[in-house]
Structure formats: structure tokens, C-alpha cells
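In: Have a look; sequence and predicted model below, questions after that.
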Amino acid sequence: MNLNISLSEFVEFMAALSLFFAILQTASHRLDFAIKTYTFQSLALSITMFLSVFYYFDYELIISAVLTLLIKAILIPNVMKKITEKIVEDESVKPFINFTYSILICVFIVIFSFYAMSNTFYSVSSSSMMQKILAIAVAIIFVGIFLMFARKKALIQVIGFLTLENGIILGATSTVKGLPLIVEVGVFFDVFVGAIMAGILIFHIKDTFDSLDTSKLSDLKE
Amino acid sequence: MDKVIGVLQLVLFVAIAPATKGFIHKLKLNLRGQKGPSIIQPYKDIFKLLKKESIISQDASFISRIAPIIVLLALIVNVCFIPVFSPHTLLSFTGDVIAFIYVFGLSTFFMALYGMDQGSAFGGLGSAREMTIASLAEPTLMMIMFTFSLEYNTSNISEIFIRVHNSSFSVPIAYVFSLLALFFVSMAENARIPFDNPETHLELTMVHEAMILEASGKYLAIFELSSYIKLLLFISIASNIFLPFLYSSNILLNILFYILKVFLFSIPISIVELSIAKFRFFRIPDLLMISFTLAVLGFVLYYA
């Protein structure tokens, strides 16, 4: 048997790894573990983008890969870690939907997105790799959305939003070979500022309600 | 000739099963900085136990006498299914992946019956936990097996083995996901560390040890031997499916490669056991669901 791994398969593998880490976030009981998985997820995403350069021969993707690495895999996790250290006293994520069900729902999300993408994209694309990566990207987006409404803590909802963002970037890479550079830089800036804003908002929630639990936001106070 | 090779595979498999366990244990202790017992210690244990008297509780029924033998026989049948170093196995004419998984189920079932039959409090507790883990691990194992039987268009294990080794297609890299899932499942089925600690008899956490707590003498020897065989079964599947490169037409060379591969695949087990602690029992479904996710990912990536 020959060991014959093509580049496209490796790109697929890294994208799938990113999806796996996204699913692992829904299984994490603690905030610091969720942040760690987010770091790995972004790392896998940036490797995917970096390898796509050699597949598409579009060298602007290098810049976005490096930006992903810097902002999503280093900067944002560090900001999140600082916030956790400063204000979070109990690290559990408080689920609305428990962890086992969450993972099972994620499995269904994966199957659904592969099924949904199997027919729609076929005629447009010339390569099956793009199709698979698009399906993975859609699955990551759905997992991010799911994470946003299935958990009570504000911080993990922010992580859900960032996961969704990762999915969108991956989808953009696979379908249109990356956005124009200026748009991409704008998006990264947007995400970074968004993360910082979310951090400030979390501080305010903590100040006003003494808790990060978003289900308590509607409680009345005198 | 085929029959001879089949018998040879069975004998070799049973012969090196205790050594694998000894190797894992030794490596783990060495990495921890301890000296550890030698690799042949499990053989000595088995021979020591065989010489000792076996005592059965007064409340025990005939199940206690037949269960150890059925557990061992079921696993031996499974050994006859899987190709060790050659596709000519004793039961290759009928070896089917689904049968393989259900014969596993049979051995787990009788193990659980044995645990409950003794009338000790720990036995029932261990059986309940074991059945929980086994029932959650089974779908993942099925999913992994289906991935391969769909890939090679057959459910016969020997056929899969031949096609894995002969076909020269590109290695689907998402097999990594299947391998990871198989790793989780084998840790769960063999009561190894994230799921259960095989070295302690702490009553709150033990699973596998709780079921065989009452066993003694030759029954305990049989149980120990079957747990070694079960571990080696999983290692053999993993090494033969996921590392089919070391293969030649020379039988002696193949035996050597096989033993090498078994030791290679034992290394991650000891490293994982060294680096993480046992999980809380209520976290185990999460872990098994993650392994199911991995299996589904591996499956979906190649058939979507």
C-alpha cells in the first residue's frame, strides 16, 4: 500500500480538525478548557488557510493565515484568559442543554450540513475538496450558533460567536478563494474589537448583576 | 496449510497477549521513574493463579462456573476472526465485522452476569457500570467497522485485511479520526485509565475489577488472560488496519513486523495512562460521545 497523501486531503483534514475542536467546545465543562479548544481550533483554521495557498496559488491568503494565527490563536485567547482570571469565580459553563445531548446535536449538525451541501454546490465547484470544506464551514457556523444559545455564561457565548466567525472565514476561503485583502483585514479588526467590546460588556454584566449567567439578566432589581 | 497458519496465528496471539500487558505496565512505570515488574510478570501471575485453589461463594449458581470459560471462549472466537499476520484465519470463511462486535457483546454480557451472580455488593455495581460503558461504546465501534466495510465493499474481516494490504490507493487521512475513535473505544472496553483504573481496588471507582473481585484461583487466571486477549484484539485491529505498510510475503518477517507493530501501538496507551487521571463516572458518556463524533466525522468525510 502506498503512502500517497495529497495536499487537498491534508487541507480537508485540518479543516475537519477545526470542526472537531469546535464540537469539543460544546463538551467542555470549564471556561478555561473552552478557551484552550478555541485556540486549537483557530490554529487548525490558520493551517488550513496556509495550506490552501499552495492549492489555489493565491498569495494573499498567506496574509490572512498569519492574521488568523496572530489575532485568533494568540491575541483573543489571551484577552479571554485575562477576563476569566479577573472576574470569573466559578468556571463552570452552566448549560441549558446538557453536554451529552449537545455533542449528539452537533453530530446531527455535521450530518445535516454535509447532506445539505452535497447537492447545492456540486454544479458550481470543480473540485470536491471545496465542497467538503464548505460543508465543514457550515457545520462550524451551526455549532457556533448552537453554542451561543445552549450555554448560560456570557463568556462562552462570546466563544460561540467567535467560532461562528471562524466558520465564515473558512467558508470564504473554500468558496471564493478568500475575500479581498482589505475586506479580510476589516473583518479581523472587527472580530478583535468585537471580542474586546464583549469583554467590556461582560465586565458591565458582572458589575450590574453580580454574575455572568445570562439567564439572570431578566431578574428584577431594586 | 491455511489451517496450520490459522492455528499458528491463534497460538502466537494468545502467547504474546500477556507480554503486551506487561510491556504497557512496564513502560508506564519506567516513564514515571519507577523500575516496574518485568515484561514476563503477567505469565508468572497466570501460572501462580492456576496453581491456587479456587473458591466459589455458596450463593453462586452454575453461572459462576461457566461464565469465565464462556468469556474466554468468546474472545478466542474473536481471535479466530481477525487476521494477525496473514489473512488465512481459522474462521475466515465466516468472519463478519458485525458478528465480531456481537461476540464481544457476548463476553461482556457473561462478565456482567458473573459479577451479579456472586451476591457481593461490588459485583452488581461493577456490572451496572460495565454495561453502561459497553452499551455506549458499541455504536462507535460499529461506526468504525462500517467505515471500513463500506470502503472495501465487504464485511468479511479477512477480505478487508487483504484489500487494505493490497490496494494502492491514497490513504484517506480522515482515517486519523477513525483511529482516534477506536483508541477511545478500546480504552473504554478494556477498562483503562480515563474510564477505569485497572490497578486499584478503590470501591467507589472500580468497574472491571469490581466484577471479578470474588474470582479466585483458575477462574481469576482465566479472567486475567481474557482481559489481556481483549486488549491485544483492539491493538491488533488498529495496527493491521491503520499501519498496513510493514507487510511482506515472508511469514517469519510478518510475525516480526506484527510484534513490532503491537509494541508500537501499546506506547500511546501507556502515555495516555500516565498523563491523565481517571474521569468522573458521569463524564464518561461525554467522552464516549466525543469518540462517536470522531467516528461520524471520519465516516462522513469519506462518503459525503
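Out: Structure's in. What do you need? Residues are numbered from 1 along each chain as shown, chains lettered A, B, ... in the order given.
In: Show me how far the worst-scoring helix or strand of chain A on mean pLDDT is from its chain's centre.
Out: Using mean pLDDT, DSSP states H and E, helix A:181-209 stands out as the lowest-scoring helix or strand of chain A, at a mean of 81. With C-alpha atoms, centre = their mean, to the nearest Å as the basis, helix A:181-209 stands 15 Å off its chain's centre.
In: And that helix, what's buried?
Out: For helix A:181-209, a neighbour-count test (16 or more other C-beta atoms under 10 Å in any protein chain shown) marks A:184, A:187, A:188, A:191, A:192, A:195, A:198, A:199, A:202, A:205, A:206 as buried. For the C-beta atoms, the positions are set from N, CA and C on the backbone; glycine is no exception.
In: Can you tell me which of the residues you listed is closest to residue B:178?
Out: When the buried residues of helix A:181-209 are compared for distance to residue B:178 (C-beta to C-beta), residue A:191 wins out at 33.6 Å.
In: Spell out which parts of chain A neighbour chain B.
Out: A:1-6, A:9-10, A:12-13, A:16, A:19-20, A:23-24, A:27, A:29, A:99-100, A:103-104, A:106-107, A:110-111, A:114-115, A:117-118, A:132, A:135 (C-beta under 8 Å from any C-beta of the partner chain).
In: Mark which of those residues are part of helices, please.
Out: Counting by DSSP state H, the part of the residues of chain A next to chain B found in helices is A:9-10, A:12-13, A:16, A:19-20, A:23-24, A:99-100, A:103-104, A:106-107, A:110-111, A:114-115, A:117-118, A:132, A:135.
In: Would you mind giving me the ChimeraX syntax to select the buried ones in these?
Out: Selecting the buried subset of those in ChimeraX, with 16+ other C-beta under 10 Å as the burial test, is done by:
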select /A:9,10,12,13,16,19,20,23,24,99,100,103,104,106,107,110,111,114,117,132,135
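In: what's the spacing between the helix or strand of chain B with the lowest mean pLDDT and its chain's center?
Out: Using mean pLDDT, DSSP H and E, helix B:157-166 stands out as the lowest-scoring helix or strand of chain B, at a mean of 82. Relative to its chain's centre, helix B:157-166 lies at 20 Å (C-alpha atoms, centre = their mean).
In: tilt between the very next helix or strand once past that helix and helix A:7-26?
Out: Where DSSP states H and E defines the elements, the next helix or strand beyond helix B:157-166 is helix B:175-189. Per axes from the mean of the first three to the mean of the last three C-alpha atoms, to 10 degrees, the angle that helix B:175-189 makes with helix A:7-26 is 40 degrees.
In: what about helix B:175-189 and chain A, any contact?
Out: Yes - using C-beta under 8 Å from any C-beta, we find that helix B:175-189 touches chain A at B:176, B:177.
In: can you map out the helices along the stretch 151-300 of chain B?
Out: B:157-166, B:175-189, B:208-211, B:217-242, B:251-275, B:284-303 (DSSP state H, counting those that start in this stretch).
In: Packing partners of the fifth one?
Out: Just to be clear, that refers to helix B:251-275. Contacts defined by 3 or more C-beta pairs under 8 Å, 6 or more residues apart in numbering or on different chains; DSSP states H and E place helix B:251-275 against helix B:2-32, helix B:175-189, helix B:217-242.
In: Low-confidence ranges, chain A, go.
Out: A:1-5, A:120-129, A:177-179, A:220-222 (pLDDT under 70).
In: any idea which residue sits dead centre in it?
Out: residue A:163 (1.9 Å; C-alpha atoms, centre = their mean).
In: Number of residues surrounding the closest residue to that residue other than its chain neighbours?
Out: The shortest distance from residue A:163 to any non-neighbouring residue, by C-beta to C-beta, 6 or more residues apart in numbering or on different chains, is to residue A:144 (3.5 Å). Residues lying near residue A:144 (other C-beta atoms under 10 Å in any protein chain shown) number 22.
In: Out of the helices and strands packed on helix B:251-275, flag the one nearest residue B:252.
Out: helix B:2-32 (11.0 Å).
In: any idea of the angle the closest one forms with helix B:251-275?
Out: For helix B:2-32 against helix B:251-275, the angle by the same axes, to 10 degrees is 30 degrees.
In: chain center to helix B:2-32, what's the gap?
Out: With C-alpha atoms, centre = their mean, you get 12 Å for helix B:2-32.
In: Report the buried residues of whatever helix or strand comes next after it.
Out: Next helix or strand after helix B:2-32 toward the C-terminus (DSSP H and E): helix B:41-51. For helix B:41-51, the neighbour count (16+ other C-beta under 10 Å) marks B:41, B:42, B:43, B:45, B:46, B:49 as buried.
In: In contact with residue 71, which residues?
Out: With no chain named, the answer covers chain A. Neighbouring residues of residue A:71 by C-beta atoms under 8 Å, 6 or more residues apart in numbering or on different chains: A:188, A:191, A:192.
In: meant chain B, my bad for not saying
Out: Applying C-beta under 8 Å, 6+ apart, we find residue B:71 in contact with B:107, B:110, B:111, B:114, B:222, B:223, B:226.
In: what about 7 Å?
Out: B:107, B:110, B:111, B:223, B:226 (C-beta atoms under 7 Å, 6 or more residues apart in numbering or on different chains).
In: CSV for those residues, including distance to chain A and pLDDT?
Out: Shown next, in CSV, are the contacts of residue B:71 (distance: C-beta to the nearest C-beta, whole Å; pLDDT from 0 to 100):
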residue, distance to chain A, pLDDT
B:107, 26, 93
B:110, 28, 94
B:111, 25, 92
B:223, 31, 93
B:226, 30, 93
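In: top of the residues you listed by neighbour count?
Out: Going by other C-beta under 10 Å, residue B:111 tops those with 26 neighbours.
In: Quick check: that one vs residue B:52, distance?
Out: 21 Å (C-beta to C-beta, to the nearest Å).
In: now the nearest residue to residue B:186 once chain neighbours are set aside: how far from residue B:222?
Out: When the adjacent residues along the chain are set aside, residue B:186 lies closest to residue B:234, with 3.6 Å between them (C-beta to C-beta, 6+ apart). Distance, residue B:234 to residue B:222, by C-beta to C-beta: 19 Å.
In: where does the stretch 151-300 of chain B dip in pLDDT?
Out: For the stretch 151-300 of chain B (pLDDT under 70), the answer is B:167-173, B:245-247.
In: just to revisit the earlier point, and the residue nearest to the centre of chain A, what is it in contact with?
Out: By C-beta under 7 Å, 6+ apart, the contact list for residue A:163 reads A:22, A:25, A:38, A:41, A:140, A:143, A:144, A:147.
In: give me that answer again for 10 Å
Out: A:18, A:21-23, A:25-26, A:34, A:37-38, A:41-42, A:140-148 (C-beta atoms under 10 Å, 6 or more residues apart in numbering or on different chains).
In: for residue A:48, same thing?
Out: Counting by C-beta under 10 Å, 6+ apart, the residues that residue A:48 touches are A:10-18, A:65, A:68, A:133, A:136-137, A:169-170, A:173-174.
In: Repeat that for residue A:21.
Out: When contacts are taken as C-beta under 10 Å, 6+ apart, residue A:21 is in contact with A:36-45, A:140, A:143, A:163, A:166.
In: at 8 Å instead, please
Out: By C-beta under 8 Å, 6+ apart, the neighbours of residue A:21 are A:37, A:38, A:40, A:41, A:44.
In: can you list contacts of stretch B:175-187?
Out: Contacts for stretch B:175-187 (C-beta under 8 Å, 6+ apart): A:13, A:16, A:20, B:137, B:140-141, B:143-144, B:147-148, B:192-195, B:231, B:234-235, B:237-238, B:242, B:268-269, B:272, B:287-288, B:290-292, B:294-295, B:297-299, B:301.
In: Please apply the same query to stretch B:15-26.
Out: With C-beta under 8 Å, 6+ apart as the test, stretch B:15-26 has contacts from B:36-43, B:45-46, B:225, B:227-229, B:231-232, B:235, B:259, B:262-263, B:266, B:269-270, B:273.
In: if you set the cut-off to 7 Å instead, what comes out?
Out: For stretch B:15-26, using C-beta under 7 Å, 6+ apart, the contacting residues are B:36-43, B:46, B:228-229, B:231-232, B:235, B:259, B:262-263, B:266, B:269-270.
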